[in-house]
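K.L.:
need the 3D shape of this:
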Amino acid sequence: PLGLRASTKFNQNVLIMDNQSVISEPASSHNDNYIRMIAHEIRNPLTAIKMAKSFLEEGIRNGKDREMLEIFLEIVANNSSKIENLIKKLLQINESELSLFAPVDVCHLLDNTLSSAHDRIFLQNVNISRSYTPGFFVNGNAEKLTIAFLNIIVNAIESMRQDQGKLWIAVYRTEKNVKV
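P.N.:
Coordinates of the predicted model:
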């Protein structure tokens, strides 16, 4: 199974993927952990909705143009759909899906994750710099990896000042690991 561990070196967060399991859980706890993971993921789109609501209120008070207000309404709609999809997943838990490991292109997952975080990136006006190309495969659960990446990206965005943030994402291979 794929192991994940986060480390900080020279003030940079690095996610290391290797073939060691960092956390081993009994099979019976998978559903509970999956439910907690989905519940946690619902908070990400909720936060984006709350941010968009604040921008909408400010825009209405200050007479912002209709086009800008429509952008924030679209953010609310997109994130409402994300919450709906997460709840659907929660209601369709299947034990076999929880332990599905297959070759996963980490860079492809990162691109999809950045697309999922687009509203947050837009609302904070964060500059994204990517230093990777497709083709870095690991054996893992694509859904869980996406959630892990989304959490890291959202946490990074939340720690930045608005209009001043820059997020740099690199993927590279060492002898035994793929590092993000």
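K.L.:
only C-alpha atoms from now on, for both contacts and neighbour counts.
P.N.:
Will do.
K.L.:
those helices in the protein, which residues are they?
P.N.:
All helices of the chain, identified by DSSP state H, fall at 30-61, 66-91, 95-98, 106-116, 118-124, 142-158.
K.L.:
now the farthest one out in this structure, which residue is it?
P.N.:
Residue distances from the centre of the chain (Cα atoms, centre = their mean) peak at G63, which lies 33.1 Å from the mean C-alpha position.
K.L.:
got phi/psi on that residue?
P.N.:
Main-chain torsions, G63, degrees, to the nearest 10: phi 70, psi 40.
K.L.:
for it, give me the pLDDT.
P.N.:
Note for G63: predicted pLDDT of 82.
K.L.:
least confident secondary structure element in the protein?
P.N.:
Least confident helix or strand, the chain: strand 3-9 with a mean of 37, by mean pLDDT, DSSP states H and E.
K.L.:
ok so, going back, so which of the helices of the chain comes closest to L167?
P.N.:
Closest to L167 of the helices of the chain, according to Cα to Cα: helix 142-158, at 7.5 Å.
K.L.:
okay, buried residues for that closest one please.
P.N.:
Neighbour counts over helix 142-158 (16 or more other Cα atoms under 10 Å) mark A142, K144, L145, T146, I147, A148, F149, L150, N151, I153, V154, I157 as buried.
K.L.:
quick one, what contacts the fifth one?
P.N.:
What it means is I147. E41 (Cα atoms under 8 Å, 6 or more residues apart in numbering).
K.L.:
what's the spacing between the spatially most central residue of the chain and G165?
P.N.:
For the chain, L150 is the residue whose C-alpha lies nearest the centre (Cα atoms, centre = their mean; 1.0 Å). Here the distance between L150 and G165 works out to 17 Å (Cα to Cα, to the nearest Å).
K.L.:
A52 too?
P.N.:
To G165, A52 is 18 Å away according to Cα to Cα.
K.L.:
noted, bye for now.
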